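>>> Below is the structure, and that's it, no one-letter string:
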């Protein structure tokens, strides 16, 4: 158990939530990713700006697997409200998850 | 199974909002003297920063004359009840010279140059807002005065479009009701008669709020206050508040030569930055409601709106285009609506920006060589936690760009560091509190006006540091 906790802590410490600024020109993305980005901007960005900590915690370095994140979106947790299917459809949530994965993969900010 | 339980536990603890303390950008004890250093900024690849000038006293905005000479205004007022004389400064070779000095009625929040003259929005914390015309030799004339700007928010803007000066007036209060939080700002004791003013007739639903009464010495004294009414004045169900101009939470205009005030749009909380896009459309940034006062709202993002004539944008019963019931403080009481009838249909925002980011000055790129053509740049002053509510980490303190077609928000200029935040908190030489952005007439350089250090105390008081303002210049290599 201690090993698992240690590994989780190391994962959190190793990842920076911050990503490099990008220009409008050097960004290419699929239509699916663009859809996810639009939905992220609509529902997530204001509390997790650029996937970083803000009103809510950072997402870019959150080690939880996708199904837990989906569970949290649907049911809320702590101060985070629940977003049911009539607000964020399954397709929209898939897009948001795709966009969040793309943010985690984008270039990290030097510290 | 135990791994799943562990992950759920970790996620739960990580998300336990109530147990975490506020870590706003200004929540520091004693900032070091400011030493701007462009190496501490991170920009997209291909862009470079330089320092134009330093040591400014609460700078808020810039303009360029026909020769492309930069000018900057100093506010003359800062939250924290610091009153000085606002100034229009000419910048040459990193040095500033005074062109005009205003009265202690700041903050001067915005400036634009049009046909040989400067036009300045004078906030009006002392005696009410004004739109000033300033000639090149520094002669100041008020084109309009006695605007409601003596409360929480001020007279903002201006921009010139279609031979009219467009400007904005912020709301008197956080969410429509005067309360003890307004005494904390300082103005309620000076002007207990102030309240919000609708631009058109509204009908109240009679909701009232009981609070402490900071206007009496008796600590047990209570006050009951309704919306759009002076402190300790109760509203009645069905009470009609007559609309009039000038009103609060609005975008207004006057002819460039001066004249009658015309209504453009209303139902905005604090419409701050105005800009005209390359397509000739007017946009405004709106500072959204805080978690404070008699009617706290939680989790409301700042908004970028396209301004359309005659539109009501929803405040105080809608934010981000959504009903306020969605913005209840965790563990708090339900947010009640104030208006019996909706004055109009609320439009959808162009973009929703970070909660408490204080998204302020805005400008558009219109030059391919700089890039981002047609996109908006917005200066984010940064959170004022804990006064505005709790944040888990500093929010804002950077410049973002917005694709107005999709609503996408991305970072443009940020500080280096493991976390976001102002330079004073990160102990670097980077951005402190960007308050406005302005492209030069060529469109090849973006200037960032950086207000300087403004820290906040655990009690929510603002403590600005004088002469810590900077102007940064960003160009593409």
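Now that the structure is in, tell me what you want to look at. Source: prediction; values computed, not measured.
>>> From now on I want contacts and neighbour counts done on CA atoms only, so please keep to that.
Noted.
>>> Count the residues that sit near residue B:341.
The tally of other residues near residue B:341 (other C-alpha atoms under 10 Å in any protein chain shown) stands at 12.
>>> Check residue B:287 too.
Other residues near residue B:287 come to 26 when the count uses other C-alpha under 10 Å.
>>> ok, now which ones touch whichever residue of chain A sits closest to chain B?
Across chain A, no residue is closer to chain B than residue A:46, which sits at 3.8 Å (C-alpha to the nearest C-alpha). Counting by C-alpha atoms under 8 Å, 6 or more residues apart in numbering or on different chains, residue A:46 touches A:54, A:55, B:301, B:352, B:353, B:354, B:355.
>>> cool, residue A:52 as well?
If you count contacts by C-alpha under 8 Å, 6+ apart, residue A:52 has them with A:17, A:18, A:58, A:59, A:60.
>>> circling back to that earlier point, take the contacts of residue A:46 and write them to a markdown table, including neighbour count, distance to residue B:160 and pLDDT.
As requested, the contacts of residue A:46 are exported to a markdown table (neighbours: other C-alpha atoms under 10 Å in any protein chain shown; distance: C-alpha to C-alpha, whole Å; pLDDT from 0 to 100):
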| residue | neighbour count | distance to residue B:160 | pLDDT |
| --- | --- | --- | --- |
| A:54 | 28 | 35 | 96 |
| A:55 | 31 | 36 | 96 |
| B:301 | 26 | 27 | 98 |
| B:352 | 27 | 25 | 98 |
| B:353 | 34 | 25 | 98 |
| B:354 | 30 | 28 | 98 |
| B:355 | 32 | 29 | 98 |
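>>> Just give me the closest of the contacts of residue A:52 to residue B:421.
Here the nearest of those to residue B:421, counting by C-alpha to C-alpha, is residue A:18; it sits at 11.8 Å.
>>> you'd agree that closest one is up against residue B:421?
No. Taking C-alpha atoms under 8 Å as the definition, residue A:18 is not a contact partner of residue B:421, at 11.8 Å.
>>> Tell me the residues on chain A that lie near chain B, please.
Within chain A, the positions lying close to chain B (C-alpha under 8 Å from any C-alpha of the partner chain) are A:16-18, A:20-25, A:37-38, A:41-42, A:45-50, A:53-57, A:64, A:68, A:77-79, A:109-111.
>>> The one residue in chain B that gets nearest to chain A and residue B:336, how far apart?
Nearest residue of chain B to chain A: residue B:354, at 3.8 Å (C-alpha to the nearest C-alpha). For residue B:354, the distance to residue B:336 equals 24 Å [C-alpha to C-alpha, to the nearest Å].
>>> can you put the contacts of residue A:46 in a markdown table and add distance to residue B:85 and secondary structure?
Formatted as a markdown table, those follow (distance: C-alpha to C-alpha, whole Å; DSSP: H, G, I helix; E, B strand; the rest coil):
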| residue | distance to residue B:85 | secondary structure |
| --- | --- | --- |
| A:54 | 35 | coil |
| A:55 | 36 | coil |
| B:301 | 33 | strand |
| B:352 | 35 | strand |
| B:353 | 32 | strand |
| B:354 | 32 | strand |
| B:355 | 32 | strand |
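>>> for chain B, longest strand please?
strand B:47-56 (DSSP state E).
>>> So for it, what gets flagged as buried?
Residues of strand B:47-56 classed as buried by neighbour count (16 or more other C-alpha atoms under 10 Å in any protein chain shown): B:48, B:49, B:50, B:51, B:52, B:53, B:54, B:55, B:56.
>>> can you tell if it touches chain A?
No. Using C-alpha under 8 Å from any C-alpha, strand B:47-56 never reaches chain A; the gap is at least 9.6 Å.
>>> try stretch B:31-46
Yes. Using C-alpha under 8 Å from any C-alpha, stretch B:31-46 comes into contact with chain A via B:42, B:43, B:44, B:45.
>>> so for that stretch, what's the average pLDDT?
Stretch B:31-46 shows a mean pLDDT of 96.
>>> Near the nearest residue to residue B:152 once chain neighbours are set aside, how many other residues are there?
In this structure, residue B:152 finds its nearest non-sequential neighbour in residue B:172, 5.1 Å apart by C-alpha to C-alpha, 6 or more residues apart in numbering or on different chains. When counting by other C-alpha under 10 Å, one arrives at 28 neighbours for residue B:172.
>>> For chain A, give me the ranges with low pLDDT.
By pLDDT under 70, the weakly predicted segments of chain A are A:1-15, A:26-27.
>>> One more pass at 80, please.
Within chain A, the segments meeting pLDDT under 80 span A:1-15, A:24-29, A:111.
>>> and the gap between residue B:55 and residue B:40?
From residue B:55 to residue B:40 the distance is 18 Å (C-alpha to C-alpha).
>>> oh, I was asking about residue B:470
As for residue B:470, its distance to residue B:40 is 14 Å (criterion: C-alpha to C-alpha).
>>> Which one's more surrounded, the two?
Using other C-alpha under 10 Å as the criterion, residue B:470 and residue B:40 rank with residue B:470 on top: 27 against 18.
>>> who does that one bridge with?
Beta-bridge pairing for residue B:470 (DSSP bridges): residue B:450.
>>> Now for it: which residues touch it?
Residue B:470 makes contacts with B:36, B:51, B:52, B:53, B:54, B:55, B:56, B:59, B:449, B:450, B:451, B:452, as judged by C-alpha under 8 Å, 6+ apart.
>>> how about the residues you listed, which pair is most distant?
Using C-alpha to C-alpha, the pair of those lying farthest apart is B:36 and B:59, separated by 15.1 Å.
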